[in-house]
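Engineer: What shape does this take:
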Amino acid sequence: MRDDYLQTALKRIDDPNILVNVVSRRVKQLKRGNRPLVESLEKLSAEDTALREIIEGKISYELATPEQLAKR
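Structural biologist: Residues are numbered from 1 along each chain as shown. Below is the predicted model of the structure:
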């Protein structure tokens, strides 16, 4: 995983725990065959692709509200 991508992605999603979860979920999707949302001239790993998608604003996240958590 490229450190420069990681540091830049942390500026978009400042909580490292949330960033790990978002990247992890997206990596699973990419490895299952989902197409990347960004283009690259170089061959990127799934992790780096997920970070680039976050950096470019192609992926975001939403935290569950207390009401949504109570319904579970």
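Engineer: hey, let's count contacts and neighbours off CA atoms from now on
Structural biologist: OK.
Engineer: Just give me the residue right at the centre of this structure.
Structural biologist: Among the residues of the chain, the one closest to the centroid is residue 23, at 3.4 Å (CA atoms, centre = their mean).
Engineer: Find the nearest non-adjacent residue to that one, please.
Structural biologist: residue 50 (5.7 Å; CA to CA, 6 or more residues apart in numbering).
Engineer: Now do the same for that neighbour: its pLDDT.
Structural biologist: Per-residue confidence (pLDDT) for residue 50: 98.
Engineer: One more: residue 41?
Structural biologist: For residue 41, pLDDT reads 87.
Engineer: so it is in which element?
Structural biologist: Residue 41 belongs to no helix or strand when assigned by DSSP states H and E.
Engineer: count of residues packed around the nearest residue to residue 58 once chain neighbours are set aside?
Structural biologist: Nearest non-adjacent residue to residue 58, counting by CA to CA, 6+ apart: residue 37, 6.7 Å away. Residue 37 has 15 neighbouring residues, counting by other CA atoms under 10 Å.
Engineer: check which helix or strand covers residue 37.
Structural biologist: Using DSSP H and E, no helix or strand contains residue 37.
Engineer: got the end-to-end distance for stretch 57-69?
Structural biologist: Taking CA to CA, to the nearest Å, the first and last residues of stretch 57-69 lie 26 Å apart.
Engineer: again, but for stretch 63-72
Structural biologist: Per CA to CA, stretch 63-72 runs 14 Å from first to last residue.
Engineer: again with stretch 24-39
Structural biologist: So stretch 24-39: terminal residues 20 Å apart, CA to CA.
Engineer: and residue 51, what does it touch?
Structural biologist: Counting by CA atoms under 8 Å, 6 or more residues apart in numbering, residue 51 touches 5, 6, 9, 23.
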